[in-house]
Structures are given as structure tokens and as C-alpha cells.
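S.K.: Mind folding the following:
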Amino acid sequence: MQKVILETNLQGVKFIRRGKVRDIYEVEDYLLIVATDRVSAFDVVLPNGIPGKGKILTQISLFWFNKVKDIVENHIVSSNVREFPEPLQVYGEVLEGRSMLVRKAKPLAVECIVRGYLSGSGWNEYQKTGMVCGIKLPDGLTESEKLPLPIYTPSTKAMEGHDINISFDKTVKILGKETAEKVRDLSLAIYKRASDIAEKKGIIIADTKMEFGIYDGNLILIDELLTPDSSRFWSIKDYKPGQSQDSFDKQIIRDYLISIKWDKKPPAPELPPDIVQKTQERYEEIFRILTS
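M.R.: Sure thing, here's the model as predicted:
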């Protein structure tokens, strides 16, 4: 069993914040993003993590950043610990494979979501209104059905709790027309490129969430990219529209927590070993499929 890294404590390095999964530090003119093995469900961090999860998320992000770097620049400076600033060298064993040294970009105030299939909150909204984020969709669509064309459905970023879906017009008010249109077009282009790559490997990317920031006056891609924590990955051979799909993510954990009737409020219960192992295997499987 791999060692589980639930949090980092890099003495002598300026700590910025701790998210649900990532610990962020400031080093010289850069940020250091460390993906831990923490796992959350229903917006609550669970007491035990998934061994190796942080490394898998980091390596999948790096894979995709490289695949779309001709579409848009990203925030990566280096993922090679040996190239990190001197104060970090003593922490090489902890940082290896799960960290990225990145540019300090100013994040945009919206999450950029692209949906190619009707699932999750999009499916819930469609059932009530026939629309998703103000976009009218054809009548009679079923759960998990492929959309005629991918749609851009942004949301506001929430520090706690669920993000809130918003219309494109609202993003124009938040970001300005030029920036709003540019991030929409870039998001759709990234999704198309990634979908084409994934489909050749037998994987559907049902939807994904990405983030952009401003660095030196330019839009760049930041945070993570097309990981199981930010995307729905489905098997093409198992895909059946009209129902929910088995995803390569932490659905195993959500199903377990629902089965024990947890109230979705902290503190979260500890996951049993078999659920941890099954979830770990799921993450490892999508990593092998995508990056092979």
C-alpha cells in the first residue's frame, strides 16, 4: 500500500491556502501546487484519503496541458522537482510526482464548464426548464444523451459549497465581452481536442471544468485539467443513453456514503478499506487508459 499524503507541511516555505485536495505555497515568484491524497464527497473532505490519488491527478493534468499547449498557454513552469527552487529540494520525496511549480496568475471569477452530454446538474436543470444555463436544448433528450453540439455552461466559483451555474450573459457582466468570448471559445476548443484524443482510447468525456487566469496581461490555463476530479469520463463500450453512467471517478465513494445514510455534514465517516481500494483502482485505471 502506498503512503497516503493527507496534508503537507513544508517548513520554511510560505503557505498560502489548503483546498479540498491541493496545498498551495508561494516560492520566490511562483506558486507551488501540491496535490494531496485527500478526497471529498458532497463538498466535505473525508478523514482518510486515496493512496496515490494526488500523483494521478497531477500526471493526468500534465498530460492534458501538454496536449493543448498549442491552443492556449498554461501556468506550468516545471513539474520536475530537481528544477524547483533550492528551499524545496529537501522535500523532494514528498513533492515527487504530485507537485507543479506554476506562474502566479490572477484567476478569473468563473469556472469554465463544457458539456458534450446531458448529465449531472445539467440533466437536472433540463428536466425542469428544457435549458442548461440559459441555453435552449431540443425537446425529448434523455439522461446521458449526447448533445447536438458541446455547450459552454459557466458557473461562479464558490470557496465553500456548490458552484452556481450562470448564463453566458452573466459572464459577460463579470469578465467583459472580449474575455468572456475568448474563454468560451478556448474552453470549447480544448474540449474538442481532448474528446477526440479520449475517444480513440475508448473514453467519452461527458463534461469537464477548467479554469483560466491572467498572467502578464494574457489569458492562460491554470489549476488542474481534465482529471477524474474535474471531468466525467465514461467507457464507450459500456455507454447506454437514457440512464446514469458508471464514471471513472469517486462515484464509488458517493454510493457508499449514500448507502450508509450519511447526512452529508461534517464530520464525514471514515471509508472502509475495500472502498478505498476500489476507488484507488478506478483512478489508476483511467490514468493508464488516458496516458498510455
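S.K.: Give the other helices and strands that the host helix or strand of residue 55 contacts.
M.R.: Under the assignment given by DSSP states H and E, the secondary-structure element containing residue 55 is helix 53-67. Counting by 3 or more CB pairs under 8 Å, 6 or more residues apart in numbering; DSSP states H and E, the packing neighbours recorded for helix 53-67 are strand 30-35, strand 99-103, helix 177-199, helix 273-291. All C-beta atoms are positioned from the backbone trio N, CA, C, and that covers glycine.
S.K.: Which other helices and strands does the second one contact?
M.R.: Taking 3+ CB pairs under 8 Å, 6+ apart as the contact definition, the neighbouring helices and strands of strand 99-103 are strand 30-35, helix 53-67, strand 76-78.
S.K.: Recalculate using a threshold of 10 Å.
M.R.: Taking 3 or more CB pairs under 10 Å, 6 or more residues apart in numbering; DSSP states H and E as the contact definition, the neighbouring helices and strands of strand 99-103 are strand 22-27, strand 30-35, helix 53-67, strand 76-78, strand 203-215, strand 218-222.
S.K.: and the ones you listed as JSON lines, adding distance to residue 148, mean pLDDT and mean neighbour count?
M.R.: Formatted as JSON lines, the entries for those read as follows, by distance: least, CB to CB, whole Å; pLDDT from 0 to 100; neighbours: other CB atoms under 10 Å:
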{"stretch": "strand 22-27", "distance to residue 148": "36", "mean pLDDT": "98", "mean neighbour count": "19"}
{"stretch": "strand 30-35", "distance to residue 148": "35", "mean pLDDT": "98", "mean neighbour count": "23"}
{"stretch": "helix 53-67", "distance to residue 148": "25", "mean pLDDT": "98", "mean neighbour count": "21"}
{"stretch": "strand 76-78", "distance to residue 148": "34", "mean pLDDT": "98", "mean neighbour count": "16"}
{"stretch": "strand 203-215", "distance to residue 148": "15", "mean pLDDT": "98", "mean neighbour count": "22"}
{"stretch": "strand 218-222", "distance to residue 148": "26", "mean pLDDT": "98", "mean neighbour count": "19"}
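S.K.: out of these, which comes closest to residue 121?
M.R.: Using CB to CB as the measure, strand 203-215 is the one of the helices and strands packed on strand 99-103 that comes nearest residue 121, at 9.6 Å.
S.K.: Dump stretch 190-201 to PDB, keeping only the CA atoms.
M.R.: Taking only C-alpha atoms (Å, rounded to 0.1, in the frame of the first residue of the first chain), the coordinates of stretch 190-201 have been written out as PDB:
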ATOM      1  CA  ILE A 190      -9.900  22.300 -25.500                       C
ATOM      2  CA  TYR A 191     -12.900  20.100 -25.000                       C
ATOM      3  CA  LYS A 192     -13.000  19.100 -28.700                       C
ATOM      4  CA  ARG A 193      -9.300  18.300 -28.800                       C
ATOM      5  CA  ALA A 194      -9.400  16.300 -25.600                       C
ATOM      6  CA  SER A 195     -12.600  14.400 -26.700                       C
ATOM      7  CA  ASP A 196     -11.000  13.400 -29.900                       C
ATOM      8  CA  ILE A 197      -8.000  12.000 -28.100                       C
ATOM      9  CA  ALA A 198     -10.000  10.300 -25.400                       C
ATOM     10  CA  GLU A 199     -12.500   8.700 -27.900                       C
ATOM     11  CA  LYS A 200      -9.600   7.000 -29.700                       C
ATOM     12  CA  LYS A 201      -8.800   5.300 -26.300                       C
END
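S.K.: Tell me the gap between it and the middle of its chain.
M.R.: Taking the mean of its C-alpha atoms, stretch 190-201 sits 16 Å from the chain's own mean (CA atoms, centre = their mean, to the nearest Å).
S.K.: Buried residues of that stretch, list them for me.
M.R.: Judged by neighbour count (16 or more other CB atoms under 10 Å), stretch 190-201 contains these buried residues: 190, 191, 192, 193, 194, 195, 197, 198.
S.K.: lowest confidence element among the helices and strands of the protein?
M.R.: Among the helical and strand segments of the chain, the one scoring lowest on mean pLDDT, DSSP states H and E is strand 164-165, with a mean of 87.
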